[in-house]
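Q: Predicted model follows, preceded by the sequence.
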Amino acid sequence: MLLDKTKEILLPLALIEEIEVEKEIEAPAPTEATSEDEQTEESAEEKTVEIEIVSQAAIQTTDYKAKGYHLDIKVLPINVVAVAEKLLELEFFIEAVTGVDWIKEDQLEVVYDFDNWDELCRVTIRTRLDRSNPEVPTISEIYSGANWHERETHDFFGIKFTGHPDLSPLLLPEDADFHPLLKDFKA
């Protein structure tokens, strides 16, 4: 199945993130004989929740009917080109490149959507960038169709796609010095 193969190939390129996992810890058995009601009450009071930090790959299989894609992968900006190369080898095509402004986290995100002609398998790749210097390598040399998507994302979010052959404005005026989809943009 293409989904499993894609997941296996992209797993080494996925971002490793730390998540918090809650674990409930049982109270130790009582040492002296008490009534059954007292034991139950004490056990309920003595249960504690411990939080453990676990590292895992940021790759998630999703419900296609609910999300519209099968695989959601977070990668570091330096891995975007390698991911695009792997997806091309698996005969995926680029559908879209867009941005998201996470103003509270002081980050921008680039979201790449890929699909496959032969088997229904949609993959979303996400990478986060520092909002003060949003740069990510271009994939336009791998997917020529990404050229215009990256130019549009540059227009609206100010994300620089390093190595792009022509980041001149696509939809905005030539002299535009603003990025209208940033959340702090004032018209």
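A: Perfect, I can see it now.
Q: what helix or strand is T153 on?
A: Using DSSP states H and E, the element containing T153 is helix 146-157.
Q: list the helices and strands that helix packs on?
A: Contacts defined by 3 or more CB pairs under 8 Å, 6 or more residues apart in numbering; DSSP states H and E place helix 146-157 against strand 92-102, strand 107-116, strand 160-162. Bear in mind the C-beta positions are built from the backbone N, C-alpha and C, glycine included.
Q: Out of those strands, indicate the one that is most buried.
A: Most buried of these, by mean neighbour count (mean count of other CB atoms under 10 Å): strand 107-116, with a mean of 20.
Q: picking that back up, can you lay out the helices and strands packed on helix 146-157 as a markdown table showing distance to H154?
A: Shown next, in a markdown table, are those (distance: least, CB to CB, whole Å):
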| stretch | distance to H154 |
| --- | --- |
| strand 92-102 | 9 |
| strand 107-116 | 10 |
| strand 160-162 | 6 |
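Q: Redo those as CSV? Include mean pLDDT.
A: Formatted as CSV, the helices and strands packed on helix 146-157 follow (pLDDT from 0 to 100):
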stretch, mean pLDDT
strand 92-102, 97
strand 107-116, 97
strand 160-162, 98
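Q: Would you mind saying which of those lies nearest A187?
A: When these are compared by CB to CB, strand 92-102 sits nearest A187, at 15.5 Å.
Q: Fine by me, we can end here.
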